[in-house]
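**Q** I'd like to go over a predicted model; first the sequence, then the structure.
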Amino acid sequence: MFKKRYALILALIFCLTTTLFVFTSIGYDPWVDQDEDGDVDADDLYVLSQEYGSSGDPTKNVTIVGHATKLIHAAINVSVGVDEWWFSDFISVDGYAKVTVLIYINTTSYRYYLRAYSDDTTEMWWYVDETTPLETDFVRTYDVMHQRIRILVQNLALVSRRLWVDVYLMA
């Protein structure tokens, strides 16, 4: 009887040690860290237990707080003279997957260009898009290309116009 208990205790210790070894050798997984404190521990079980039994749509978009989007106001109520150009600053898109450009200019007579740059030189660029929109509002989403972009808007109207440009970067 004593030998059976001793063997059972040894088997149980072996199983627990093996389980502990397997789980500690996996490494840190941020998706398991429920309370986002940098440690996977009992506190994560508490947070998980609060959600236990809940249900939802697993196909919905996942937003990672603080990393999903970045809004850049490239131009806010900027005056663009007759047949003049407006150039945005260089916008780094490194680390993002999508770029959405939103333009409003109070005329339909303008030309829009998007250029992509692969390094720090301003000479090496590629046209990504070039169009004359038929509306005063222009919105287009692109897959990220290279490391930086630059937006150019030309006012083709016979009078000065006001321009607003926003850029959304999405992970």
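**A** Good, I have the coordinates.

**Q** so how far is S79 from the residue nearest to G81 when sequence neighbours are not counted?
**A** Nearest non-adjacent residue to G81, counting by Cβ to Cβ, 6 or more residues apart in numbering: S160, 4.9 Å away. Every C-beta, even on glycine, is put in place using the N, C-alpha and C of the backbone. S160 sits 5 Å away from S79, going by Cβ to Cβ, to the nearest Å.

**Q** what about those two, which has more around it?
**A** S160 (14 against 11; other Cβ atoms under 10 Å).

**Q** okay, stretch 80-91 in PDB with CA atoms only?
**A** Taking C-alpha atoms only, stretch 80-91 is exported to PDB below (Å, rounded to 0.1, in the frame of the first residue of the first chain):
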ATOM      1  CA  VAL A  80      -2.600  77.400 -52.200                       C
ATOM      2  CA  GLY A  81      -2.300  80.100 -54.800                       C
ATOM      3  CA  VAL A  82      -3.200  80.000 -58.500                       C
ATOM      4  CA  ASP A  83      -1.300  77.300 -60.300                       C
ATOM      5  CA  GLU A  84       0.800  76.700 -57.200                       C
ATOM      6  CA  TRP A  85       1.900  73.500 -55.500                       C
ATOM      7  CA  TRP A  86       1.600  72.400 -51.900                       C
ATOM      8  CA  PHE A  87       4.100  69.700 -50.700                       C
ATOM      9  CA  SER A  88       3.600  67.800 -47.500                       C
ATOM     10  CA  ASP A  89       6.500  67.000 -45.200                       C
ATOM     11  CA  PHE A  90       8.000  63.600 -45.600                       C
ATOM     12  CA  ILE A  91       5.800  61.100 -43.700                       C
END
